[in-house]
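Colleague: Predicted model follows, preceded by the sequence.
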Amino acid sequence: MKKAVCLLVCSLYTFTSIGQNVGRGVDFEVGLSWQEIVDKASSKGKSIFVEIYATWCGPCKVMDKLIYPNDKVGSLVNDKFISVKVQVDTGKLDNGNVKKTYPIARYLESKFNLSGVPTFLFFSPDGKIIHKDEGYKEYTSFVKMVKDALDTTTQIYGLVDRWRSGGLSYWDLPKLVKRVLYELNEEKLASEIASDYLRRMEFVPVDSFVTRDNLFFLRSFNDIHRSSDRMFRVCVQNSDLVDSTLKQSAFAMRFISFVMTKEEINPAFEKARRRHLSPNWNKIRKLIARKCGEEMANYCEIRGKEIWYQNIGDNTNYVKWLVRKITFEGVDNEDSSFNRSIYLNNAAWQVFQKSNDRSQLIEALKWVNKALRIVPVEYGMAIDTKANLLYKLGDSADAIALEEELVEKTKNESYRKTLSKMKLGLETWDE
């Protein structure tokens, strides 16, 4: 806490010591309704600047003291905007002018997905939204935000309108998607733009489509992908290229499986549940094979059975198909990402918890050893998983030694309890 206070004080000292003079600053209107604000802006030919704040908001109070009173900020904002502060919370001590902003706050909340304070909204003189941002702004970032709001090439809502009218090139869309997500907090709109981007990438050469940045971007939007789109076809036809580009073995296979699960497996599950039957695996497999071939259909069937048996609580079959899935993917592939390590560790933990089959436990031990080769030994969860697997396999001495070392390093109470059970010869698994 002392460190945080020091950082804030130091940053404020730095701010006030670099020539940012505090003076008249921004002129905020008071006591006006939203329509009166729009009418005033329209009559003066100015845009509208709105700060959404709350009485409990610390960054808002800092900006009140250091940003809005600044002469340079005032000159920039007052020349171009009619400004108003709108309080989003309510309190017994609120004066009459603050209370007049309550309806404005409710209106803006209903329209613009206000997820935090301070939030900054910018409108054209006729009250049409043109730009949005949020979070504490020091002098430089505040000035940049205001200039962006005045520039038609950077106004976020203006860019969205240009996209809707077909005025943006496809290579501009990934950047727009990220801004829509982080500045507007509108996931649905971001997905719509990402879908359009994917459609417009339909005829781009494969080597331009399969780039690291492009694949990372597209995989962030799972809901947009279909078996009819380019991403799916590229993963089916160029799986090795996709995997090598991302440096993640079996990425293409898992992506194809995700789409097939959404399109074929989940609907089959729902149909089976309604009829109180098991899924028709032969039919599922044939449908998938038509879209991506026999080998992928085989993998999707394995993955589907793993999900099905896990969902119905059949641990014996769940673990059986989990082991087959990991075996199909290959434990010792080239994927050395941290996510792969977590994936293998989590799978190994499931086997430890739900199986007493020695051969399955030995397989899971291979997975966790791979996880530990990928990440440093400080990866406590994987060490704990390995110790528990050794313990369940009957190697109590090595298990206890490993868990003791882990407890000594982490001081973790959960690991300490596991160690105590091991020393007493008690079960460390739940089932």
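Modeller: Yep, it's here.

Colleague: Identify the residue nearest the residue nearest the centre of the chain in space, chain neighbours excluded?
Modeller: Nearest residue to the geometric centre of the chain (Cα atoms, centre = their mean): residue 220, 8.0 Å. Here the nearest residue to residue 220 in space, its sequence neighbours aside, is residue 194; by Cβ to Cβ, 6 or more residues apart in numbering that works out to 7.8 Å. (Glycine included, C-beta is placed from N, CA and C.)

Colleague: number of nearby residues for the one you found?
Modeller: Residue 194 has 23 neighbours, counted by other Cβ atoms under 10 Å.

Colleague: hang on, it packs against residue 175?
Modeller: No. In this structure, residue 194 is not within contact of residue 175 by Cβ atoms under 8 Å, at 11.7 Å.

Colleague: on that earlier part again, can you tell me how far the residue nearest to residue 220 sits from residue 182?
Modeller: Relative to residue 182, residue 194 is positioned 14 Å away (Cβ to Cβ, to the nearest Å).

Colleague: ok, now residue 286?
Modeller: Counting by Cβ to Cβ - residue 286 and residue 182 are separated by 43 Å.

Colleague: ok, residue 174 - contacts?
Modeller: For residue 174, the contact set (Cβ atoms under 8 Å, 6 or more residues apart in numbering) comprises 197, 213, 214, 217.

Colleague: Are any of these buried, and if so which?
Modeller: Buried members of the contacts of residue 174, scored by 16 or more other Cβ atoms under 10 Å, are 197, 214, 217.

Colleague: Which residue ranges make up the domains of this structure?
Modeller: 17-151, 205-334, 336-431 (automatic domain parsing).

Colleague: what mean pLDDT does the second one have?
Modeller: Same thing as domain 205-334. What domain 205-334 shows for mean pLDDT is 94.

Colleague: re the thing from before, state the distance from the residue nearest to the centre of the chain to residue 231.
Modeller: Counting by Cβ to Cβ, the gap from residue 220 to residue 231 is 12 Å.

Colleague: And for residue 331?
Modeller: From residue 331 to residue 231 the distance is 27 Å (Cβ to Cβ).

Colleague: And these two? Which one has more around it.
Modeller: Each of residue 331 and residue 231 has its neighbours counted (other Cβ under 10 Å); residue 231 has more, 25 against 14.

Colleague: Which element, helix or strand, includes the more buried one?
Modeller: Element membership of residue 231 [criterion: DSSP states H and E] is helix 230-237.

Colleague: all helices of the stretch 51-200 of the chain, in order?
Modeller: 58-66, 71-80, 96-100, 102-112, 139-150, 156-164, 173-179, 187-200 (DSSP state H, counting those that start in this stretch).

Colleague: Just the buried residues of the third one, please?
Modeller: Pointing back at helix 96-100 there. Buried-residue list, helix 96-100, by 16+ other Cβ under 10 Å: 98, 100.

Colleague: again with stretch 39-58
Modeller: Result for stretch 39-58 [16+ other Cβ under 10 Å]: buried residues 39-41, 46-54, 57.

Colleague: now swap in stretch 166-173 and tell me
Modeller: 168, 173.

Colleague: what's residue 419 sitting at in phi/psi?
Modeller: phi -60, psi -40 (degrees, to the nearest 10).

Colleague: how near is it to residue 381?
Modeller: Distance from residue 419 to residue 381, by Cβ to Cβ: 15 Å.

Colleague: Can you give me the pLDDT of the residue nearest to residue 220?
Modeller: 94.

Colleague: Next: residue 18.
Modeller: pLDDT at residue 18 comes out at 38.

Colleague: With residue 385 instead?
Modeller: pLDDT, read off for residue 385, is 97.

Colleague: How about the contacts made by it?
Modeller: 345, 348, 349, 352, 368, 371 are the contacts of residue 385 under Cβ under 8 Å, 6+ apart.

Colleague: For residue 368, see how far away it is.
Modeller: On the measure of Cβ to Cβ, residue 385 and residue 368 end up 5 Å apart.
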